[in-house]
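J.: I would like the atomic coordinates for the input below:
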Amino acid sequence: MPTPDLPLHGGCLCGKIRFEVTALPMMTMACHCRDCQKLTSGPCSLSVMVPIDGFSITQGETVRGGLKGPRLDHRFCPDCMNWIFTQFADASGYLNVRATLLDDLSWFRVFVESSTAQKLPWAEIQAVHRYPQFPPAEDRPRLGREFAAWL
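T.: Numbers count the residues shown, from 1 in each chain. Sure, this is the predicted structure:
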């Protein structure tokens, strides 16, 4: 997989939110869970896992949307309502940026496909790893190392 040139830039559909990624991705993913299907109105969500300190909003302010529970903080553009990123309440140190909002996707490939048990039958994605649910916590360090080598 080609290594992306940093910084990565991206933004929402209407252009009012712009963001920057200054750290190499920790992983790329496709999630087929029903929540992601509903949030994207598509077969899955595509995301780039990045360290929190390697991500910044450079223009505009996001609003909270989607599932507003204590575990997940989904952030959206208040104007076009694009789903920008998700931050996790478990202090995991990373967030998931919606990959298709990046200006340059020439480097993007799916490394982990999750929630394949809920995937639509016709949704086929080439991924290195597949999980019927979310990858278990004990697999994440190994997946991170493999992704770094794959990148």
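
J.: looks like Pro135 contacts Leu143 (just checking).
T.: Yes. Here Pro135 reaches Leu143: they are 6.2 Å apart, a contact under CB atoms under 8 Å. Bear in mind the C-beta positions are built from the backbone N, C-alpha and C, glycine included.

J.: for this protein, longest helix please?
T.: Using DSSP state H to define each element, the chain has its longest helix at helix 140-150.

J.: residue nearest the centroid of this structure?
T.: Centroid-nearest residue in the chain: Ser47, 2.1 Å away (criterion: CA atoms, centre = their mean).

J.: and the pLDDT at that residue?
T.: Note for Ser47: predicted pLDDT of 97.

J.: just the one 3 residues further on next, same as before
T.: What the model reports for Val50 is a pLDDT of 96.

J.: burial of it, as a residue count?
T.: 21 (other CB atoms under 10 Å).

J.: where in the protein is pLDDT low?
T.: Low-confidence segments of the chain, defined by pLDDT under 70: 91.

J.: repeat that for 90
T.: Filtered on pLDDT under 90, the chain yields the residue ranges 1-3, 66-72, 88-93, 137, 140-141, 151.

J.: quick one: stretch 40-58 to chain centroid distance?
T.: Offset of stretch 40-58 from its chain centre (CA atoms, centre = their mean, to the nearest Å): 3 Å.

J.: and if you look at stretch 12-31?
T.: The answer for stretch 12-31 is 7 Å, by CA atoms, centre = their mean.

J.: same check, this time on stretch 59-73
T.: 14 Å.

J.: of all the residues in it, which ones are buried?
T.: Neighbour counts over stretch 59-73 (16 or more other CB atoms under 10 Å) mark 60, 62, 65-66, 72-73 as buried.

J.: just put those residues in a markdown table and tack on secondary structure and distance to Phe19.
T.: Shown next, in a markdown table, are the buried residues of stretch 59-73 (DSSP: H, G, I helix; E, B strand; the rest coil; distance: CB to CB, whole Å):
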| residue | secondary structure | distance to Phe19 |
| --- | --- | --- |
| Gly60 | coil | 9 |
| Thr62 | coil | 9 |
| Gly65 | strand | 16 |
| Gly66 | coil | 17 |
| Leu72 | strand | 18 |
| Asp73 | strand | 15 |
